[in-house]
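Peer 1: Mind looking at a prediction? Sequence and model below.
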Amino acid sequence: MIVARTRAELAAARAGLREPVGAVFTMGGLHDGHTALLRAARRECASVVATLFVNPTQFESERDATTYPRDEAADLRRFAAEAVDVAFAPPVHEVYAPGSAAQVGAGRLGRMLEGASRPGHFDGVATVVARLLELTRPACSYFGQKDWQQTRVVRQVVEDLALGVAVRVVGTVRDGQGLALGTRNVRLSDAGREAARVIHRALSAGADAWRRGERGADRLERTMRQEMGAEAGVTVDYAVARDPLSLDTLNPETAAVALLVAVWVEDVRLIDNLVLGEGLVDIDPAPLLAGPASATGGGQSLP
Ligand code: PAF
């Protein structure tokens, strides 16, 4: 595995890769959710580029950015174990050179839900993802369902800028009791982790109601809130039922729904979702995680 620290090193390493190239962008703090992304890329592409970059422009406060869990050595080991060909782990000035001005706005999609609670967050995500796509030039990129709104923003950016890269969504990876894996989970105490499991119970209650035929967003939302209301130590920011593509008000006529939740537990913000409907999540992570890391890329099944 080549570790590139500069744009020039990345370009040189990228030039030697077999096509198609798959890209996985991360901020480190890797867990099995990232492993699923890496394995999906490995399975579908001949080469894999993975990035390790804590993007300062997507944090609301410097404190949040500087305290974001980091262990570069462990993350690079995981990349290597997953047969990543090139790891791009640049310092900030390689992505945002001094005086760098170009920004990508996430627009309306970026101002709702997570964007309402974290103003500017998705503009930062849109900007860095556009830059990383330009730098890595993959045929296919992989993003986790847990950040559903992020996947919608990324698809919009790719379409708006005609970047010509496929965006593949890999389903959420959960622990044995339903808690979605997330880098920030390490900040939870055992009690906090236990309390946070209510999120998946709430989403499941909403999903059950949907499957029974409930199409009223208000009632779906009430079902999720009621479940979480019983859990002391969990403060709900939002629990909503939305159109999965536009993230707008749910149209009771459509055959799909995104149930999205954000809560605070012990000062840690946690998000999760369930998306019901055909063809919205591209790749099931379970079979990918069941086997060992594969050392060779396929490339045959790239959509
Ligand atoms: O999902 C993340 O880890 C980040 O938002 C991403 C896509 C790597 C951009 O910094």
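Peer 2: Structure received. Bear in mind that the values here come from a model prediction, so they are computed numbers and not experimental data.
Peer 1: CA only for contacts and neighbour counts going forward, please
Peer 2: Fine.
Peer 1: can I assume V128 is in contact with P56?
Peer 2: No: the pair V128 / P56 is not scored as a contact, 9.4 Å apart, by CA atoms under 8 Å.
Peer 1: Check the chain for the residue nearest the ligand and tell me.
Peer 2: Checking the chain residue by residue against the ligand with CA to the nearest ligand atom singles out T26 as nearest, at 3.8 Å.
Peer 1: give the contact list for that residue.
Peer 2: Under the criterion of CA atoms under 8 Å, 6 or more residues apart in numbering, the contact list for T26 reads 34, 50-54.
Peer 1: Could you measure from it over to L250?
Peer 2: 31 Å (CA to CA, to the nearest Å).
Peer 1: mind checking how far the helix-or-strand element of the chain with minimal mean pLDDT is from the chain centre?
Peer 2: Evaluated with mean pLDDT, DSSP states H and E, the helix-and-strand set of the chain has its lowest mean pLDDT in helix 62-66, which scores a mean of 85. Offset of helix 62-66 from its chain centre (CA atoms, centre = their mean, to the nearest Å): 19 Å.
Peer 1: And for that helix, what's in contact with it?
Peer 2: The set of residues that contact helix 62-66 without belonging to it, under CA under 8 Å, 6+ apart, is 54-56, 59.
Peer 1: can you map out the strands along the protein?
Peer 2: Secondary structure of the chain, counting by DSSP state E: strands at 2-4, 21-26, 47-52, 86-88, 140-144, 166-170, 234-242, 257-265, 268-276.
Peer 1: Nearest approach to A217 belongs to which of those?
Peer 2: Of all the strands of the chain, it is strand 234-242 that lies closest to A217, at 5.3 Å by CA to CA.
Peer 1: angle of the closest one against strand 268-276?
Peer 2: With axes from the mean of the first three to the mean of the last three CA atoms, to 10 degrees defining the directions, strand 234-242 sits at 30 degrees from strand 268-276.
Peer 1: Could I get the CA-only coordinates of strand 234-242 as CSV?
Peer 2: Taking C-alpha atoms only, strand 234-242 is exported to CSV below (Å, rounded to 0.1, in the frame of the first residue of the first chain):
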residue,chain,number,x,y,z
VAL,A,234,-31.5,10.4,25.5
THR,A,235,-32.4,13.9,24.2
VAL,A,236,-34.1,13.8,20.8
ASP,A,237,-33.2,16.4,18.3
TYR,A,238,-35.4,15.1,15.5
ALA,A,239,-37.2,11.9,14.7
VAL,A,240,-38.8,12.3,11.3
ALA,A,241,-40.4,10.3,8.4
ARG,A,242,-39.4,11.9,5.1
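Peer 1: what comes up buried for it?
Peer 2: By neighbour count, with 16 or more other CA atoms under 10 Å as the criterion, the buried positions of strand 234-242 are 234-242.
Peer 1: Pull the residues that contact it.
Peer 2: Contacts made with strand 234-242 from outside it, assessed by CA under 8 Å, 6+ apart, are listed as 113, 195-196, 217-218, 220-221, 224-225, 228, 248-251, 257-266.
Peer 1: related to what we said a few turns ago, is it possible to get CSV of the buried residues of strand 234-242 that adds pLDDT and distance to the ligand?
Peer 2: Below are these laid out as CSV (pLDDT from 0 to 100; distance: CA to the nearest ligand atom, whole Å):
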residue, pLDDT, distance to the ligand
V234, 97, 23
T235, 97, 23
V236, 98, 21
D237, 98, 20
Y238, 98, 20
A239, 98, 20
V240, 98, 21
A241, 98, 22
R242, 98, 21
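Peer 1: Pick the one among those residues closest to P98.
Peer 2: Using CA to CA, those come closest to P98 at D237, 36.0 Å.
Peer 1: How about the residues of the protein by the ligand?
Peer 2: Among all residues of the chain, those adjacent to the ligand (criterion: CA under 6 Å from any ligand atom) are 25-27, 55, 125, 129.
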